[in-house]
Structure formats: C-alpha cells, structure tokens
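Chemist: Just to be clear, the model below is a prediction. Sequence and coordinates:
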Amino acid sequence: MSGLALSNVEVVYDKVFLAIKGVSMEIKEGEMVALLGSNGAGKSTTLKAISGLLGPERGDITRGEIRFGDTDLRSLGAPARVDRGLVHVLEGRRVFGHLTPDENLVAAYRGGRAERSFEELRDEVYRYFPRLKERARSKAGYLSGGEQQMLAIGRALVTEPKLIMLDEPSLGLAPVLVAEIFSIIREINRKHGLTVLLVEQNAAATLEIVNRAYLIENGQIVMSGEAATLKANPDVQEFYLGSGGKVDYHAIKHYRRRKRWLA
Ligand SMILES: Nc1ncnc2c1ncn2[C@@H]1O[C@H](COP(=O)(O)OP(=O)(O)OP(=O)(O)O)[C@@H](O)[C@H]1O
C-alpha cells in the first residue's frame, strides 16, 4: 500500500511562524498528483513534513496526521521513511558534484536493505535517462542543469521507492527539457505504478501530465480537482496559467476580491 494521506496538517517554524495551516491531501497508490503554488506558498514545507526533513529547519508538525499506507509517518525518522518507499527529491538538484553519475547512484543505494541489485537499478536509471549514461564518467558538477536534475531523480529511483516526491524539477530548465523530464516521470508512473507527488510553480506544464492537483496559497489548500477540470477553471487560468488576458488595472479591486475568495 503506497497511498499517502495528510489530514489537517499544521507546520510551525521556529515555534512561531505558522507556515502550513491545516493541509489535507490524498494521493492514491499509482496516482500522479501535483501540488501547485507560487513562491513561499508552503509547497516545500509540505514535502518536508511528509519526508521528515523539518527538524534541521527548526520546523515542527504541531497538528494533524500523515499516513503512508497504514503507517503513521510522524513516528518515523527520515531514513525509516525512505526504507518504507517514500523518497523526496529536494529542490535544487542536490547531487555530489565531485562524484560521477555512477558514484552518485552508488551513494544513494540502500545496500543490504535493498531488494534489487545495484547494477539492475542503475541500468534501469540509464534506460530512462540515456543522456546520463553518456556522461557516466564525467563529474556530476560538470553536467548541465537538466542532466543534474535527471541524476537527482535517478538517485531517488535507486532507493526503490513506492512514492516519489519531486520539488520543482522544472526550475531553471528550458521548456524542451522540462517536457522531456516530465514525460519520463509520467512513463515511470504509468509503467511501474510509481506514485508521484509533483510540486511545481509551472502549472501549465504540470497540468498536462498529472491526474489531479491541489493548489496551495499562504499555507492553505485553496482548490483541488482533476487536471482537466482545473485547466478549464477561469480562476486557475487567470492566476496560475496566465491565460486570463491582460491585467486591467480598473479591475484590480475585483481581482483582489476574487483572490480573497479563493483563499
Ligand atoms: N526554515 C525555515 N524557517 C522559517 N521559515 C521558513 C523556513 N522555510 C520556509 N519558511 C517559510 O515558510 C513559508 C513557506 O515556505 P516554502 O519554502 O514551503 O514555500 P514554497 O511554496 O516551497 O516556495 P518556493 O517555491 O519559493 O520554494 C514561507 O513563508 C517561508 O518563508
């Protein structure tokens, strides 16, 4: 069972700053779901709450429940969550720059706790990302931004995940590369039934590939639904897809009112 459910989760940083205000979300096994929102909306905080990485940031879950299958995640540390099949690809392509792609993958392999051999998992990563195989002997620090993102995803894949969380994989990449990476993620989701939670600011590209999405603003989920329904929603078009026409400054009051309504 690899479904994920957040129920009424609240996260506080430094004991005072309420960053996540009662977030509830559900991602069923095999689904590909997005969490969309602008800068500072609370997307990364939500992912860190799920993967158990809030501690080093002085963040605490002060309310709510996070379940993965039938496990309550709050009782587990971050490494134990990876062992359960939950992996988080952090924002910013964290790879070891002084190591080759092969060595980066070895470093992520779970050794004695893994079910499959390293070679098998590595070859699978290279099948998905053939560009990485071509660069297998260069230092990861010299790879392009897109290749580093592929390697970061590859490192997550060798942990044998059931659910992968990706924090803004499109950040700073050219649209053609975003399309390539998104389509590979979609293929892994479809062929291997890997459950995916994709955090993005790039709503237009994301709504093309996910089944469903949640929209987050100021630490609260303001809307959710099937990707096609959201794409057709005029508010989503205006605020997230930038296709609502030119901003009319006479209408700004109306815009603010609708924005408040959405929140
Ligand atoms: N370690 C931290 N300590 C204090 N406040 C934090 C910390 N990390 C994030 N915040 C605050 O929590 C809020 C949510 O931030 P978060 O990084 O989750 O947003 P985000 O939606 O991922 O944004 P971005 O797309 O810019 O990464 C913001 O107001 C941010 O300033």
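Modeler: Structure's in. What do you need?

Chemist: Helices of this protein, start to end?
Modeler: 43-51, 78-83, 101-108, 118-128, 130-134, 145-157, 175-192, 203-209, 227-232, 234-239, 252-262 (DSSP state H).

Chemist: List the contacts of the third one.
Modeler: Going back to what we said before, that points to helix 101-108. With contacts defined as CB atoms under 8 Å, 6 or more residues apart in numbering, helix 101-108 is touched by 95-96, 99, 118, 121-122, 125, 132, 135-138, 140, 143, 151, 154-156, 158-159. In this view, the C-beta of every residue, glycine as well, is placed from N, C-alpha and C.

Chemist: Indicate the residue of the stretch 101-250 of the chain located nearest to the ligand.
Modeler: residue 201 (5.7 Å; CB to the nearest ligand atom).

Chemist: hang on, the earlier thing: which among the contacts of helix 101-108 count as buried?
Modeler: 95-96, 99, 118, 121-122, 125, 132, 135, 140, 143, 151, 154-156, 158-159 (16 or more other CB atoms under 10 Å).

Chemist: Where does the prediction get shaky in the stretch 51-200 of the chain?
Modeler: Within the stretch 51-200 of the chain, the set of residues satisfying pLDDT under 70 is empty.

Chemist: show me what contacts residue 159?
Modeler: 82, 87, 108, 109, 110.

Chemist: Got phi/psi on the residue nearest to the first one when sequence neighbours are not counted?
Modeler: Pointing back at residue 82 there. Leaving aside its chain neighbours, residue 82 sits nearest to residue 159 (5.6 Å; criterion: CB to CB, 6 or more residues apart in numbering). Note on residue 159: its backbone torsions stand at phi -80, psi 0 [degrees, to the nearest 10].

Chemist: Distance of residue 159 relative to residue 98?
Modeler: 21 Å (CB to CB, to the nearest Å).

Chemist: Equivalent analysis for residue 151, please.
Modeler: Taking CB to CB, one finds residue 151 at 13 Å from residue 98.

Chemist: okay, and the common contacts of these two?
Modeler: Common neighbours of residue 151 and residue 98 (criterion: CB under 8 Å, 6+ apart): residue 140.

Chemist: biggest separation within the contacts of residue 159, which pair?
Modeler: Largest separation among the contacts of residue 159 by CB to CB: 87 and 109, giving 12.4 Å.

Chemist: Compare those two and say which is more crowded by neighbours.
Modeler: residue 87 (23 against 17; other CB atoms under 10 Å).

Chemist: for the residue sitting nearest the centre point of the chain, what are its contacts?
Modeler: In the chain, the centroid-proximal residue (CA atoms, centre = their mean) is residue 166; its distance is 2.7 Å. By CB under 8 Å, 6+ apart, residue 166 lies in contact with 89, 153, 185, 196, 197, 198, 199.

Chemist: From these, pick the one nearest residue 69.
Modeler: Closest to residue 69 out of the contacts of residue 166 is residue 197 (14.5 Å), distances taken as CB to CB.

Chemist: now that closest one: how far from residue 47?
Modeler: Counting by CB to CB, the gap from residue 197 to residue 47 is 7 Å.

Chemist: I'd say residue 217 and residue 40 touch.
Modeler: No - the criterion here is CB atoms under 8 Å, and residue 217 misses it with residue 40 at 9.7 Å.

Chemist: which of these two has more neighbours?
Modeler: Between residue 217 and residue 40, counted using other CB under 10 Å, residue 217 has the larger neighbour count: 18 against 12.

Chemist: what residues are up against whichever residue of the stretch 51-200 of the chain sits closest to the ligand?
Modeler: Residue of the stretch 51-200 of the chain nearest the ligand, by CB to the nearest ligand atom: residue 57 (3.6 Å). By CB under 8 Å, 6+ apart, residue 57 lies in contact with 13, 48.
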